[in-house]
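[1] this is the structure alone, sequence omitted:
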């Protein structure tokens, strides 16, 4: 072949002639006995095999293809694993058919079991079907998925049929590709298949008689477009076949798609956007054939008119050919006309921060896992992908180490056959882009931390007018309580308004705190959520769990004047409990610690988290938080039978559709607007020295401070109805609200149960249990002895809860235990405290002070009416309220 300078096909024919073998021409009629049906069935088997082979699917995807073909235009892909005959080894008909069509080759082999063995044809290849005029499978083409430079392409013997099928009879423009995989690539593009018919040759020597016959039958054909590889063999084939077809079809125009040197259709399809083919087709080169031809001289390909016009420019740049100019021009046009695309060549793609992408003309670069924010290094996991072969190289590297970069570029250059200098240029540019990206990310984080203060939602003029009118109404606290009932809170009349006022105190310099006590399932968490839902969302922090260092790691001003809603304080660790307690008492956290700056430097400094905060928390074991109890208002959930009935009635009404949930949400939003409209004001209580709390109260120092703060909150909520005076604490600068006796009376009315809990030795839920137990025993006699089963029957509590309560009462010596464990214990109440009398005593004590205060105030008011004085009301207070 090489000696006589002929091609492979011609060499085979000459060898057959020397051996005396006559070429067998198999026609469609004499070979279609079972051949067509058999090849159809075997190709269906190959198509199904694709989905069972992950490497095959990856190979097809790397080629940019789909196993289902393209846009309904045919071109399905199969896979030959070489196992198609194993499942039916005993089926002699299958074996003979495979031998007949060439799918099996008999090399006189014997398997390990002693049976006859055959070598499968086209093993580990993807498979394409060749079809006849009736679109039936008459041949198969195999393309190896294994990198083997010696042999990649295989056809069944007696090859017939075209890929992807015979051209349609009304075809006007026909694209001829060099290889089947190139035709399969173009089939993926609907913008191509809608306007052009595609037909594949079988290599540079593969324009067969069947191809020519099919082309000659196209009566409406206007143009044939060659899409061969831009290499020496491809260009010679185009020159040869364009001449032959022009002689057969003189009225048909011949043209060629100009690709980059040594590129083919599939490599361009994988490396570029689909629009490049539209551009290349628009810029295709038309062949002009000279009339002066000799028999020994092939037809000369002349440059097109555009090339002639730009010939002088091409001479100035001898290294740039037409195809390179076309693709460069396409990239410029695509970049200008498609600004909406997220991916642009030579730009760092940051859509996924954990997989940054950078594409150049050399390779694709992927940074897996993102980049570190430490400025002293640029350690990354770098994946370099070859544009044509999709071969990848994965390495960990510090881009700030020049020696590492140089070594990596050398290794990649040798492994993937890329230019070392281009790799170094790309990586240096990539390093600059990564530095810019990191700086922008650090700047964005810094700005985010600076803008910690939440943006308060602005009220419209109508909303502000509605809230002001409501806040000017008399008996405001009680009307607020009615709104809470309409927002979906069933019962808990005193507790709900108490909690709302404490929640609103988050706006004050000295906020309040509440601890809601109740047994499991008593509704304490639901009550907390409903109250926090009435607060502006931007001011509420809802937590279900806090780690030991959680509070210390908040940004400095993040918690300032916020409401912290903690659903289960029982789950806090010791350190988190301490931090929460300090935020309640001191309004800030200060800790000396080692701080790691964003640039990686470690310094010793002070970590500060500023408050103050208001807080609402729930617990089932209030007595365990002795240090916390003095800092908060204790609120016991109503666990009475009447409250249970109210909750069940609400639940049933809601299930029956009798509750307007939309209206409830509107009321919650209105309460949120009310809270936004209430301003933090300084309060002066002229009656502070005239009200004294019971001396028996637990830690009365803190309780008295909380009592005075609660009175201030009542005054602040009524700020649109209270007098104002010059602030004595600021030298007459600014104004203060003046507390009225009505505010004190309201505060005592709401706080009464909490004051009683402070005096009582038992916590709220334990007190309710003990009172139920006393009622049960009193019905019999005070010396009545009872069992635990009788306790559960009387109180309706479960075994775990009643066990906890009884043990606590035994510990406090309210109960005495008799008997033995094997026979069951009996219990007896030995301390009958008069809880009702204590409540009445405290209530009478506080009411007496209020009555005395009213009497004194009335006397002073009568004296003022005789001698009028300037009340110094503010302009707001002189308005007529509706």
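    Ah, there it is. Fair warning: this is a prediction, and the values are worked out from it, not measured in the lab.
[2] could you pull out the strands for the stretch 401-550 of the chain?
    Ranges of strands in the stretch 401-550 of the chain, per DSSP state E, counting those that start in this stretch, are 513-517, 540-543.
[3] can you check the stretch 1-150 of the chain too?
    Using DSSP E, counting those that start in this stretch, strands in the stretch 1-150 of the chain cover 77-80, 104-110, 116-120, 125-131, 137-144.
[4] count of neighbours near residue 612?
    22 (other Cβ atoms under 10 Å). The C-beta positions use only the backbone N, C-alpha and C, and glycine is treated the same way.
[5] what does it show for phi and psi?
    phi -80, psi 170 (degrees, to the nearest 10).
[6] how near is the nearest residue to residue 814 once chain neighbours are set aside to residue 767?
    In this structure, residue 814 finds its nearest non-sequential neighbour in residue 831, 4.8 Å apart by Cβ to Cβ, 6 or more residues apart in numbering. Residue 831 is 13 Å from residue 767, where distance means Cβ to Cβ, to the nearest Å.
[7] pLDDT below threshold where in the stretch 301-450 of the chain?
    Along the stretch 301-450 of the chain, segments meeting pLDDT under 70 span 301-345, 448-450.
[8] between residue 831 and residue 767, which one's more packed in?
    residue 767 (18 against 11).
[9] surely residue 369 touches residue 353?
    No. Between residue 369 and residue 353 there is no contact under Cβ atoms under 8 Å: 9.6 Å.
[10] anything in contact with each of the two?
    Common neighbours of residue 369 and residue 353 are not found (criterion: Cβ atoms under 8 Å, 6 or more residues apart in numbering).
[11] how about the strands of the stretch 1-150 of the chain, which one is nearest residue 757?
    strand 77-80 (77.5 Å; Cβ to Cβ).
[12] contacts for stretch 776-783?
    By Cβ under 8 Å, 6+ apart, stretch 776-783 touches 784, 786, 790-791, 794-795, 828-829, 832.
[13] which of those residues lies closest to residue 386?
    For the contacts of stretch 776-783, the nearest to residue 386 is residue 795 (77.7 Å; Cβ to Cβ).
[14] wait, the closest one sits on residue 803?
    No. Taking contacts as Cβ under 8 Å, residue 795 lies outside contact range of residue 803: 12.0 Å.
[15] for these two, work out which one has more neighbours and name it.
    Using other Cβ under 10 Å as the criterion, residue 795 and residue 803 rank with residue 795 on top: 20 against 14.
[16] in contact with the more buried one, which residues?
    769, 772-773, 776, 802.
[17] hmm, try it at 6 Å
    Counting by Cβ atoms under 6 Å, 6 or more residues apart in numbering, residue 795 touches residue 772.
[18] could you measure it against residue 398, distance?
    Residue 795 is 70 Å from residue 398, by Cβ to Cβ.
[19] let's have the strands of the stretch 1-150 of the chain in TSV, adding mean pLDDT, mean neighbour count and distance to residue 663.
    What follows is the strands of the stretch 1-150 of the chain, written out as TSV (pLDDT from 0 to 100; neighbours: other Cβ atoms under 10 Å; distance: least, Cβ to Cβ, whole Å):
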stretch	mean pLDDT	mean neighbour count	distance to residue 663
strand 77-80	92	24	62
strand 104-110	81	11	79
strand 116-120	83	15	75
strand 125-131	93	25	65
strand 137-144	92	22	69
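[20] what is the neighbour count of residue 588?
    16.
[21] may I have the phi/psi pair for it?
    Torsion angles, degrees, to the nearest 10, at residue 588: phi -160, psi 160.
[22] surely it touches residue 610?
    Yes. Counting by Cβ atoms under 6 Å, residue 588 touches residue 610, with 4.8 Å between them.
[23] what residues are up against residue 420?
    409-410, 413.
[24] now, among those residues, which is nearest to residue 492?
    residue 409 (72.5 Å).
[25] ok, residue 214 - how many residues close by?
    Residue 214: 18 neighbours (other Cβ under 10 Å).
[26] is the closest residue to it other than its chain neighbours in a helix, a strand, or coil?
    Ranked by Cβ to Cβ, 6+ apart and with sequence neighbours excluded, the top spatial neighbour of residue 214 is residue 166, at 5.4 Å. For residue 166, the assignment made with DSSP: H, G, I helix; E, B strand; the rest coil gives coil.
[27] in this structure, what helix or strand scores lowest on average pLDDT?
    Of all the helices and strands that make up the chain, the one with the lowest confidence by mean pLDDT, DSSP states H and E is helix 305-309; it has a mean of 39.
[28] and the spatially most central residue of the chain, what helix or strand is that in?
    Most central in the chain under Cα atoms, centre = their mean is residue 352, positioned 10.9 Å from the mean C-alpha point. For residue 352, there is no enclosing helix or strand under DSSP states H and E.
[29] gap between it and residue 369?
    11 Å.
[30] with residue 550 instead?
    Taking Cβ to Cβ, one finds residue 550 at 27 Å from residue 369.
[31] ok, those two, which is more surrounded?
    residue 550 (16 against 12).
[32] now for that one: which residues touch it?
    So residue 550 contacts nothing (Cβ under 6 Å, 6+ apart).
[33] report the separation between it and residue 559.
    In terms of Cβ to Cβ, residue 550 sits 11 Å off from residue 559.
[34] again with residue 185
    Distance from residue 185 to residue 559, by Cβ to Cβ: 60 Å.
[35] these two - which one has more neighbours?
    For residue 185 and residue 559, the more surrounded residue by other Cβ under 10 Å is residue 185, and the numbers stand at 28 against 22.
[36] helix or strand: which one has the more buried one?
    helix 180-186.
[37] list the buried ones in the next helix or strand after that helix?
    Scanning forward in sequence from helix 180-186 by DSSP H and E, the next helix or strand is helix 190-193. Neighbour counts over helix 190-193 (16 or more other Cβ atoms under 10 Å) mark 192-193 as buried.
[38] average pLDDT for the next helix or strand after helix 190-193?
    Next along the chain after helix 190-193, taking DSSP H and E as the criterion, comes strand 197-200. For strand 197-200, the mean pLDDT works out to 94.
[39] can you list the buried residues in strand 197-200?
    Per 16+ other Cβ under 10 Å, strand 197-200 contains these buried residues: 197-200.
[40] would you mind getting the angle between the next helix or strand after it and strand 125-131?
    Downstream of strand 197-200, the first helix or strand assigned by DSSP H and E is helix 209-216. If you take axes from the mean of the first three to the mean of the last three Cα atoms, to 10 degrees, helix 209-216 sits at 50 degrees to strand 125-131.
[41] all helices of the stretch 401-550 of the chain, in order?
    402-416, 420-450, 461-471, 476-486, 493-504, 524-533 (DSSP state H, counting those that start in this stretch).
[42] show me which positions of the third one end up buried.
    In other words, helix 461-471. Buried residues in helix 461-471 (16+ other Cβ under 10 Å): 463, 466-468, 470-471.
[43] and residue 132, how close does it get to residue 796?
    Using Cβ to Cβ, residue 132 is found at 86 Å from residue 796.
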